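build me a model from this:
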Amino acid sequence: MQQHILSPNFSVDCVVFGFDFENLKVLLVERTLDDKETGKALVKDHTLAGNHVFNDEDLDEAAARVLYDLTGLENIYLEQFHTFGNPDRLTKEKDIMWLESIGLNPENRVVTTAYYSLIRLNDVKIEEKGRRLVWHPVDKPIDLAFDHKIIISLALEALRTKIRTNPIGFELLPTKFTLSQLQKLYEEIFGVTYDKRNFRKKISRMDYLVPLNEKQKGVAHKPAQLFMFSKDVYEKTKKDFFDFTV
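Numbers count the residues shown, from 1 in each chain. Prediction:
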């Protein structure tokens with residue numbers, strides 16, 4: 001029987017995006033390393049969800065495993081978008097200390113394949129399995145390990161490209177949502193502000209955006225009408241080219 005052995009040269013990293021109606025956020029893992037004698041923090045920053053690939057699994061399996069082991073989440077949207085192989089990606093002093101502390105050889109060149117994932121923050125519960133997890137706004141600076149700042153930047157570019165031609169944005173919204181929440185999501189992803197009238201004129205042509213006979217509950221302002229995305233209607237009515245440019 002073949003043993004599960006981690007490859008020293010291949011890994012996967014997952015950029016997990018979530019939306020809380022105000023900010024587009026990314027899931028980060030807190031990384032700490034203290035001096036055993038003084039207790040002084042040698043490393044205190046954050047990383048993406050990632051790990052090395054087992055010798056008997058493919059990359060998609062590895063990405064799904066990494067997310068499950070870290071968060072307990074299964075069957076969520078995952079898309080491979082880039083491979084990172086710069087020979088200097090693990091050469092920062094703090095990264096070398098960290099790798100040595102967990103028994104890995106920092107001289108090994110590691111090529112990582114990156115995925116982005118989309119989850120509904122209000123529909124899922126993240127399980128912290130031994131690591132402290134943080135939801136951090138994508139547009140706010142934070143100290144990151146390795147080349148993870150570059151990986152997040154390219155993940156956002158890939159998301160922006162995909163979302164223009166595919167309705168994957170609904171993966172970040174609850175089953176029922178308002179048009180204002182939908183507009184805020186696209187503003188956060190693209191880093192722009194849309195004119196409310198033009199935005200609603202655009203989405204009014206989307207047959208798969210189904211109005212419900214329901215309104216928001218428990219809000220301080222006037223309750224807005226709720227909508228849902230119908231995948232069945234989308235599959236029946238979609239054109240050859242989906243266009244979500246506003």
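
could you list the domains of the protein?
Listed by automatic domain parsing, the domain ranges of the chain are 6-165, 173-237.

so which of those is the most packed in?
Greatest average neighbour count among the domains of the chain goes to domain 6-165 (a mean of 16), per mean count of other C-beta atoms under 10 Å. C-beta coordinates here come from the backbone N, C-alpha and C atoms, glycine included.

which residues does the closest residue to Ala155 other than its chain neighbours contact?
Once flanking residues are discounted, Ala155 sits nearest to Val15: 3.8 Å by C-beta to C-beta, 6 or more residues apart in numbering. Going by C-beta atoms under 8 Å, 6 or more residues apart in numbering, Val15 touches Val26, Leu48, Ala114, Tyr115, Tyr116, Ser117, Ile151, Ile152, Ala155.

tell me the one among the residues you listed nearest to Lys36.
Leu48 (26.5 Å; C-beta to C-beta).

pLDDT of stretch 27-46, averaged?
Averaging pLDDT along stretch 27-46 yields 90.

and the longest helix along the chain, what's its mean pLDDT?
When the chain is parsed with DSSP state H, its longest helix is helix 148-165. For helix 148-165, mean pLDDT is 95.

residues in contact with that helix: which ones?
The contact list for helix 148-165 (C-beta under 8 Å, 6+ apart) reads 13, 15, 17, 26, 46-48, 79, 81-82, 84, 112, 114, 116, 118, 138, 144, 168-169, 186, 189-190, 241-245.

same thing with stretch 202-217?
With C-beta under 8 Å, 6+ apart, stretch 202-217 has contacts from 167, 176, 178-179, 182, 223-231, 233-234, 237-238, 244, 246.

hmm, back to that, look up phi and psi at the residue nearest to Ala155.
Dihedral angles of Val15 (phi, psi; degrees, to the nearest 10) stand at phi -100, psi 100.

what do you get for Phe177?
phi -150, psi 170.

so it is in contact with Gln225, correct?
No. Between Phe177 and Gln225 there is no contact under C-beta atoms under 8 Å: 10.3 Å.

mind listing the helices in this structure by residue range?
Using DSSP H, helices in the chain cover 59-71, 93-101, 148-165, 179-190, 196-203, 231-237.

about what we covered before: out of the contacts of Val15, which one sits closest to Glu37?
Leu48 (30.3 Å).

pretty sure the closest one contacts Glu30?
No. Contact status for Leu48 versus Glu30: not in contact, 11.9 Å apart, counting by C-beta under 8 Å.

confidence score at Asn122?
78.

with adjacent residues omitted, what lies nearest to it?
Pro174 (5.2 Å).

quick check: the one you found vs Ser101, distance?
40 Å (C-beta to C-beta, to the nearest Å).

which residues does the closest residue to Ile96 other than its chain neighbours contact?
Spatial nearest neighbour of Ile96, chain neighbours left out: Pro106 (4.3 Å); criterion: C-beta to C-beta, 6+ apart. Applying C-beta under 8 Å, 6+ apart to Pro106 gives the contacts Leu90, Thr91, Asp95, Ile96, Leu99, Glu100.

what pLDDT does Pro106 get?
pLDDT, read off for Pro106, is 90.

and the residue sitting furthest away from the middle of the chain, its phi and psi?
For the chain, the largest distance from the centre (C-alpha atoms, centre = their mean) belongs to Glu37, which lies 37.0 Å off. Torsion angles at Glu37 (phi, psi; degrees, to the nearest 10) stand at phi -90, psi -50.

would you confirm that Glu74 contacts Ala64?
Yes. Counting by C-beta under 8 Å, Glu74 sits close enough to Ala64 to count as a contact (7.5 Å).

just give the nearest non-adjacent residue to the residue positioned nearest the centre of the chain, would you?
The centroid of the chain falls nearest to Val16 when counting by C-alpha atoms, centre = their mean (1.9 Å). In this structure, Val16 finds its nearest non-sequential neighbour in Leu27, 3.8 Å apart by C-beta to C-beta, 6+ apart.
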